[in-house]
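Enquirer: The sequence isn't on hand, but the structure is:
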């Protein structure tokens, strides 16, 4: 078997633009050897990728892999396989596990579970002990293990004094605080966006202000402390506007938006299906338009999946009792290609380059497709159409709201450190 593989006939898309080129990979070294038009393929295995894009592997800064503690819904292995099939070469696992990822021991466990996965698995760390919002977690010991992103995701840090101290601590450690922006006093008891549809359906709602107040607070605290802050799953037009203004003022702020927040609105909840229950909730048409604009103009740095597997039993509960969340890793790229309407060069920025930078992975992921660079790549066929089937997923769960949707663009191959972990749309490990 040849030690080199040539991706032949494709169009390379990366931060440097778009061009027709072949890509030679040294599998043993995990490196790209050469990129150029019509390379000499003698002695190499050849993969014909004519008509496809060859791009840096995707990076997800926000995935729930559920392990430890919720293995009935997902494991690190199954979640990582979903990621690889979706074109991801790196994911950041959220800390709302059982126990929470709030100390070095649990970080080591997650990293060990991901050591043989078909994509790189990185752990985020909790900001507070057990994500309880009362005492700071030992961030330094987690940062020493390579944790770069800290969040109590699933809950916002409610105490502004505690959040200030966390920002000061994070600033001195050189890490980033990511915030699930939700003021509990306003959001408590709400199960969807507060608006015309919540009134029609009789479902208690969460006002947009429950997110926006915390976004405003944390941007002010970032200004005060000089800390790097990342706003998770932005869902309202006002939040997008605040991030845009903060960037214009020179604050060290980044933001992400999920695929469901630019493809779905609160009107979907008219079905009463918990598949459409997420946190923060699906918002209005105007909010969706603002998020799409924010992604197009770079105000929002990253498309995140917020991949949140749940068992069938839990998602069959009544809307108000069911947990929030939906699957995302296998459909994110196609949803973005189908519905965002931005050039592939910009999509690479939002789904690979930007997320890699936010997650502290920019030395290995989101790199240019060039000789000497790490061979972490995905190959996607932009002309392929496919229909989402909830029963055809690598996840242990099935809670996608996109069943029956026809999408444009499908991942053909995923290359991780030179190894073809997905070939012709099928997982190899």
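Expert: Nice, I can see it. Being a predicted model, the structure only gives us computed values, none of them experimental.
Enquirer: quick one: low-confidence parts of this structure?
Expert: 1 (pLDDT under 70).
Enquirer: who does the lengthiest helix in it touch, helix- and strand-wise?
Expert: For the chain, the helix that runs over the most residues, judged by DSSP state H, is helix 209-225. In terms of contacts (3 or more Cβ pairs under 8 Å, 6 or more residues apart in numbering; DSSP states H and E), helix 209-225 is packed against helix 160-173, helix 184-187, strand 229-231, helix 237-248. No exception for glycine: its C-beta is placed from N, CA and C like everyone else's.
Enquirer: In TSV, list these along with mean neighbour count.
Expert: Output for these, formatted as TSV (neighbours: other Cβ atoms under 10 Å):
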stretch	mean neighbour count
helix 160-173	18
helix 184-187	15
strand 229-231	26
helix 237-248	19
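Enquirer: okay if I get the ones you listed as JSON lines plus distance to residue 427?
Expert: Formatted as JSON lines, the helices and strands packed on helix 209-225 follow (distance: least, Cβ to Cβ, whole Å):
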{"stretch": "helix 160-173", "distance to residue 427": "36"}
{"stretch": "helix 184-187", "distance to residue 427": "38"}
{"stretch": "strand 229-231", "distance to residue 427": "30"}
{"stretch": "helix 237-248", "distance to residue 427": "36"}
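Enquirer: Quick one, which of those gets closest to residue 32.
Expert: Across those, residue 32 has its closest neighbour in strand 229-231 (29.1 Å, Cβ to Cβ).
Enquirer: how many other residues sit next to the nearest residue to residue 411 once chain neighbours are set aside?
Expert: Nearest residue to residue 411, sequence neighbours excluded (Cβ to Cβ, 6 or more residues apart in numbering): residue 87, at 4.2 Å. Residue 87 has 29 neighbours, counted by other Cβ atoms under 10 Å.
Enquirer: Contacts only, for residue 87.
Expert: Neighbouring residues of residue 87 by Cβ atoms under 8 Å, 6 or more residues apart in numbering: 57, 58, 333, 378, 380, 411, 414.
Enquirer: State the distance from it to residue 207.
Expert: Per Cβ to Cβ, to the nearest Å, residue 87 is found 36 Å from residue 207.
Enquirer: cool, residue 90 as well?
Expert: Taken as Cβ to Cβ, the span from residue 90 to residue 207 is 35 Å.
Enquirer: Compare the two (neighbour count), which wins?
Expert: Counting neighbours by other Cβ under 10 Å for residue 90 and for residue 207 shows that residue 90 has the greater number, 26 against 17.
Enquirer: Contacts only, for the closest residue to residue 211 other than its chain neighbours.
Expert: Nearest in space to residue 211, with sequence neighbours left out and distances taken as Cβ to Cβ, 6+ apart, is residue 181 at 4.9 Å. Taking Cβ under 8 Å, 6+ apart, we find residue 181 in contact with 156, 211, 212, 214, 215, 218, 231, 232, 239, 280.
Enquirer: who touches the residue nearest to the third one when sequence neighbours are not counted in this structure?
Expert: Of all residues not flanking residue 212 in the chain, residue 238 sits nearest, at 4.8 Å (Cβ to Cβ, 6+ apart). Applying Cβ under 8 Å, 6+ apart, we find residue 238 in contact with 208, 212, 215.
Enquirer: The second one and residue 235, how far apart?
Expert: Here residue 212 is placed at a distance of 10 Å from residue 235 (Cβ to Cβ).
Enquirer: Give me the more crowded residue out of the two.
Expert: Using other Cβ under 10 Å, the more surrounded residue of residue 212 and residue 235 is residue 235, with 29 against 21.
Enquirer: Am I right that the more buried one falls within a strand?
Expert: No - secondary structure of residue 235 (DSSP: H, G, I helix; E, B strand; the rest coil): coil, not part of a strand.
Enquirer: That one touches residue 279, doesn't it?
Expert: No - the pair residue 235 and residue 279 fails to qualify as a contact (Cβ atoms under 8 Å) at a distance of 9.4 Å.
Enquirer: Could you tell me which residues touch both of those two?
Expert: Common neighbours of residue 235 and residue 279 (Cβ under 8 Å, 6+ apart) do not exist.
Enquirer: can you list the residues that contact stretch 208-226?
Expert: 156, 160, 163-164, 167-168, 171, 179, 181-183, 186-187, 190, 193-194, 227-229, 231, 234-236, 238-239, 242-243, 246, 249, 251-253, 280, 283, 287.
Enquirer: try it again with 6 Å
Expert: By Cβ atoms under 6 Å, 6 or more residues apart in numbering, the surrounding residues in contact with stretch 208-226 are 156, 163-164, 167-168, 171, 179, 181-183, 186-187, 229, 231, 236, 238-239, 242, 246, 251, 280.
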